[in-house]
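**Student:** pasting the structure only:
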């Protein structure tokens, strides 16, 4: 009933016109294709009753402790955050082709909150965006067969590299979405994903405040991965993101990404190319158009990988609000771990970088400049080391330092993290 009322509401508001309606119609066709014909996948363990589906389900536990420090220019004291994320998840057996999943998170502090968590009023200290509290992280129903699945409820949505849509798993509070999702593998060599997003539970919850803990959304996300005969994968995507309580972030993005690994006798050579165009959407008060370009290539020895890349997001000098927007992205993963570019500056940003990975080590260097004009924003070094103790335990050490020229302030961040999963 709730979903029906929401669909009627958005239909009255004109939300189903244009590309949004086309994306929804395609999802209906894909879902019909998935569920036509015989149902496969009978080898999966199934229940004969709801009681059996619950009794035979699986429980997952995860505990992630993190100590984070932030030394930032302009603050008289450093931030020190000692946080513990406790997560419990339950996945039922399938009853017919249906199943459900529940996941609860709690973030608590071990010691005093000597940092600005966006909710405790400690603005005299640097930001560590991990508010404490408990909430439902995921709660959805699945209908699936070997051709794909339909998912309804609060869910994690990671599309592609998460550059535009992701779960922000780095933060102790994750970003999840209240959505209807259709995923299809019904066509050979083609994976299709469509999501209609009613709301976004953000990393700043569970309490409401500034920034908002929840986006009221009327958004369509369409993503396709296509295996090419010449080798490699072509990813096509269309995102119509309409955020009712953050209208200035609403946008339409149409893009394509090509990824291929060129195989040599001893080494492999990864190649990634991406281009996207973005326009204002919904009730965004600023009409704009901006582009995104990614060029990335490297060498992979099997033990180490070195990538060199250039990622550019458009903006305009002297015209606020004309820059590219990425409000649903896993932002910490890109443009440096100090999070100096969570919001793209007005003149845009160009990130030229080198990243070396191997044996649990990651080392990155970034040079940031404006896309419009000649401003040099600054440089950043990032380094981390992850040690897997066994199947249940892992340790992460991580450090990032940003040296500004014209953008943001000097900052050093360090993390020690221990994770236990069962």
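**Tutor:** That came through fine. Fair warning: this is a prediction, and the values are worked out from it, not measured in the lab. Numbering: from 1, shown residues only.
**Student:** how much space between residue 333 and residue 327?
**Tutor:** Residue 333 sits at a distance of 15 Å from residue 327 (criterion: CB to CB, to the nearest Å). Heads up, the C-betas are built off the backbone N, CA and C, glycines and all.
**Student:** quick one: which of these two has more around it?
**Tutor:** It is residue 327, of residue 333 and residue 327, that has more neighbours when counted by other CB atoms under 10 Å, with 20 against 14.
**Student:** I'd say the more buried one and residue 246 touch.
**Tutor:** Yes: counting by CB atoms under 8 Å, residue 327 touches residue 246, with 6.7 Å between them.
**Student:** what residues do these two have in common as contacts?
**Tutor:** Here residue 327 and residue 246 share the contacting residues residue 215, scored by CB atoms under 8 Å, 6 or more residues apart in numbering.
**Student:** Secondary structure element for residue 81, which one?
**Tutor:** Secondary structure from DSSP states H and E places residue 81 in strand 79-91.
**Student:** tell me which strands and helices that strand is in contact with?
**Tutor:** If you count contacts as 3 or more CB pairs under 8 Å, 6 or more residues apart in numbering; DSSP states H and E, strand 79-91 packs onto strand 58-72, strand 98-109.
**Student:** Flag every buried residue along it.
**Tutor:** By neighbour count with 16 or more other CB atoms under 10 Å, strand 79-91 contains the buried residues 79-89.
**Student:** Looking at those, spot the one nearest residue 353.
**Tutor:** residue 79 (25.9 Å; CB to CB).
**Student:** the strands in the stretch 251-400 of the chain, which residues?
**Tutor:** Taking DSSP state E, counting those that start in this stretch, the strands of the stretch 251-400 of the chain run over residues 251-263, 268-280, 289-300, 305-313, 349-358, 361-369, 376-388, 393-404.
**Student:** which one of the ones you listed lies closest to residue 212?
**Tutor:** Comparing the strands of the stretch 251-400 of the chain against residue 212 with CB to CB, the closest turns out to be strand 251-263 (17.3 Å).
**Student:** Partner strands of that closest one, with direction?
**Tutor:** Note on strand 251-263: by DSSP bridges, its sheet partners are strand 233-241 (antiparallel), strand 268-280 (antiparallel).
**Student:** For the longest one, buried residues please.
**Tutor:** By neighbour count, and taking 16+ other CB under 10 Å as the criterion, the buried residues in strand 268-280 are 270, 272-274, 276, 278, 280.
**Student:** on that earlier part again, wait, which of the strands of the stretch 251-400 of the chain is closest to residue 221?
**Tutor:** If you check each of the strands of the stretch 251-400 of the chain against residue 221 by CB to CB, strand 251-263 wins as the nearest, at 9.8 Å.
**Student:** so how far is residue 264 from residue 165?
**Tutor:** When CB to CB is applied, the distance between residue 165 and residue 264 equals 33 Å.
**Student:** Looking only at neighbour counts, state which of those two leads.
**Tutor:** The neighbour count for residue 165 versus residue 264, taken as other CB under 10 Å, is higher for residue 165 (28 against 10).
**Student:** number of nearby residues for the closest residue to residue 167 other than its chain neighbours?
**Tutor:** Leaving out its chain neighbours, the residue that sits closest to residue 167 by CB to CB, 6 or more residues apart in numbering is residue 156, at 4.5 Å. Residue 156 sits with 16 neighbouring residues when counted by other CB under 10 Å.
**Student:** With mean neighbour count, mean pLDDT and distance to residue 347 as new columns, can the helices and strands packed on strand 79-91 be given to me in JSON lines?
**Tutor:** What follows is the helices and strands packed on strand 79-91, written out as JSON lines (neighbours: other CB atoms under 10 Å; pLDDT from 0 to 100; distance: least, CB to CB, whole Å):
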{"stretch": "strand 58-72", "mean neighbour count": "16", "mean pLDDT": "98", "distance to residue 347": "23"}
{"stretch": "strand 98-109", "mean neighbour count": "18", "mean pLDDT": "98", "distance to residue 347": "36"}
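**Student:** Give the full set of residues in contact with the residue nearest to residue 258 when sequence neighbours are not counted.
**Tutor:** Leaving out its chain neighbours, the residue that sits closest to residue 258 by CB to CB, 6+ apart is residue 273, at 4.6 Å. When contacts are counted by CB under 8 Å, 6+ apart, residue 273 is found next to 257-258, 294-296.
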